[in-house]
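Chemist: my questions are about this predicted structure, shown below with the sequence.
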Amino acid sequence: MKKIQLGQSDLHVTPICLGTMTFGEQVDEPTSHAILSRSLERGVDFIDTAEMYSVPARKETYSVTETIIGNWFAANPGARQKLVVATKVAGPSRGMPWVREGSGMTAADIEASCNASLKRLQTDVIDLYQIHWPERHVPMFGNVYYDPAKETSQTPIQEQLEALGRLVKAGKVRAIGLSNETPYGVHEFVRLAEQHGLPRVATVQNVYSLISRGHENALDETMHRLGVSLLAYSPLAFGLLTGKYDQSGIEGPDAPKGARISSYESVRKQRWGRPDSLRAARRYNQLARDNGLTPTRLALAFCYTKWQVASTIIGVTSLAQLEEELDAYGTTLSPEILAEIDKIRWEIRDPAA
């Protein structure tokens, strides 16, 4: 896999990134370590985590994922030097007081979270430190409308950037990024960074998949023109685009056991549990089968080959899933298949936006 540059930073990574939010919830520590080792062996040099992981978020598993990764680094001397490590500072609480009690995200919060992540990861530096979701009130995680009446922002973007700048200056962070952001947010972070000599965001980590292509409605132009790279998360839509829910649906006795959507009511209440999301996924999954592809290969090839995507974040719960998702790299989709994908999107749009 040819390395790609993240934004205007000095970070160069593989176009596939190993996501780790299942570690400590669906995946135990020994299996997590095996997945990390095999992923590195297969050539993936980019891993992503967050202070609030694992997911679904619970007080009992808060920060466990970073700890598991740190333990793997300790048990595998030299592995840390081969990897670009990304993690995230959580935004305002969003009903998770064990992450952050205040409604804002102060400079002190950012610095304290970074120091805690460094300790759990057993490393001296975080290569890419991201704001997990905006401090501002914005539509995200399936919400589609901005409502100014709900604005509770307390920490200006410049203050957030200054805190991140201190971490970069101290050598604790190499580059910074955003997640679940909007065009306005990306523009403001870049504008203020350039105006005040602060770190420039290198990346935005947003949802992107066949059933959630809202990124292509303006944010792609914003990021292209500003030189900011997209890290695409949930390319398989929490499993909807693997085909495993096509026959059974997402709940009930026939739903796949141990799968993310069928296992967690909190996930079914989100965008992934919408009837329209499954209905749309079934259309794309059948398109894959009609063209001699597995649904997984079609969905990943779509993300792996889109010009908008710098690196695709894959999440797995087993070594077998890891192999399948890595093996999909290099698959190209014909103009005819891409036309059919766009035709389906025109009919059903983005049900998991």
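Modeler: Thanks, I have the structure now. Numbers count the residues shown, from 1 in each chain.
Chemist: how about the residue nearest the centre of the chain: what's its closest non-neighbour residue?
Modeler: Among the residues of the chain, the one closest to the centroid is residue 233, at 3.6 Å (Cα atoms, centre = their mean). Excluding its sequence neighbours, the residue lying closest to residue 233 (Cβ to Cβ, 6 or more residues apart in numbering) is residue 313, at 4.6 Å. C-beta coordinates here come from the backbone N, C-alpha and C atoms, glycine included.
Chemist: confirm that neighbour sits in a strand?
Modeler: Yes - applying DSSP: H, G, I helix; E, B strand; the rest coil, one finds residue 313 inside a strand.
Chemist: surely it is in contact with residue 17?
Modeler: Yes - between residue 313 and residue 17 a contact is recorded at 4.6 Å, counting by Cβ atoms under 8 Å.
Chemist: what's the overlap in contacts for those two?
Modeler: 48, 231 (Cβ atoms under 8 Å, 6 or more residues apart in numbering).
Chemist: those two - which one has more neighbours?
Modeler: residue 17 (26 against 23; other Cβ atoms under 10 Å).
Chemist: let's verify that one: helix, strand, or coil?
Modeler: When classified by three-state DSSP, residue 17 comes out as strand.
Chemist: my guess is it meets residue 45, correct?
Modeler: No - in this structure residue 17 lies outside contact range of residue 45 using Cβ under 8 Å: 9.1 Å.
Chemist: all the helices of the stretch 251-353 of the chain, residue numbers only.
Modeler: Along the stretch 251-353 of the chain, the stretches classed as helices by DSSP state H, counting those that start in this stretch are 260-263, 265-268, 275-290, 295-305, 319-327, 335-348.
Chemist: winner for burial among those?
Modeler: helix 295-305 (a mean of 23; mean count of other Cβ atoms under 10 Å).
Chemist: report the angle between it and helix 335-348.
Modeler: Computed by axes from the mean of the first three to the mean of the last three Cα atoms, to 10 degrees, the angle separating helix 295-305 from helix 335-348 equals 100 degrees.
Chemist: contacts for helix 295-305?
Modeler: With contact meaning Cβ under 8 Å, 6+ apart, helix 295-305 is reached by 15-16, 208-210, 232, 235-237, 241-243, 246, 281, 284-285, 287-289, 291, 293, 309, 312, 314, 324-325, 328-333, 337, 341.
Chemist: change it to 7 Å
Modeler: Here helix 295-305 makes contact (Cβ atoms under 7 Å, 6 or more residues apart in numbering) with 15, 208-210, 232, 235-236, 241-243, 284-285, 287-288, 309, 312, 324-325, 328-329, 331-333, 341.
Chemist: for stretch 157-173, same thing?
Modeler: For stretch 157-173, the surrounding residues in contact (Cβ under 7 Å, 6+ apart) are 107, 110-111, 114, 118, 125-126, 129, 131, 135, 176, 188-189, 192-193, 196, 198-199.
Chemist: likewise for stretch 318-325?
Modeler: 34, 35, 38, 39, 296, 300, 314, 316.
Chemist: got it, and stretch 75-84?
Modeler: 11, 13, 33, 37, 40, 45, 46, 47, 73, 123, 127, 128.
Chemist: how about 10 Å then?
Modeler: Contacting residues not belonging to stretch 75-84 are listed as 3, 6, 11-14, 17-18, 33, 36-37, 39-40, 44-48, 69-70, 72-74, 121-128, 174-175, 311 [Cβ atoms under 10 Å, 6 or more residues apart in numbering].
Chemist: would you show me how to pick out the buried ones of those in PyMOL?
Modeler: Listed next is the PyMOL selection for buried residues among these, using 16 or more other Cβ atoms under 10 Å:
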select buried, resi 6+11+13+14+17+18+33+36+39+40+44+45+46+47+48+69+70+72+73+121+123+125+126+127+128+174+175+311
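Chemist: narrow the contacts of stretch 75-84 to those in strands?
Modeler: 12-13, 17-18, 46-48, 126-128, 174-175, 311 (DSSP state E).
Chemist: got these as a markdown table, with pLDDT and distance to residue 88 columns?
Modeler: As requested, the ones in strands among the contacts of stretch 75-84 are arranged in a markdown table below (pLDDT from 0 to 100; distance: Cβ to Cβ, whole Å):
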| residue | pLDDT | distance to residue 88 |
| --- | --- | --- |
| 12 | 98 | 20 |
| 13 | 98 | 16 |
| 17 | 98 | 13 |
| 18 | 98 | 15 |
| 46 | 98 | 14 |
| 47 | 98 | 12 |
| 48 | 98 | 8 |
| 126 | 99 | 10 |
| 127 | 99 | 12 |
| 128 | 99 | 9 |
| 174 | 98 | 15 |
| 175 | 99 | 13 |
| 311 | 98 | 15 |
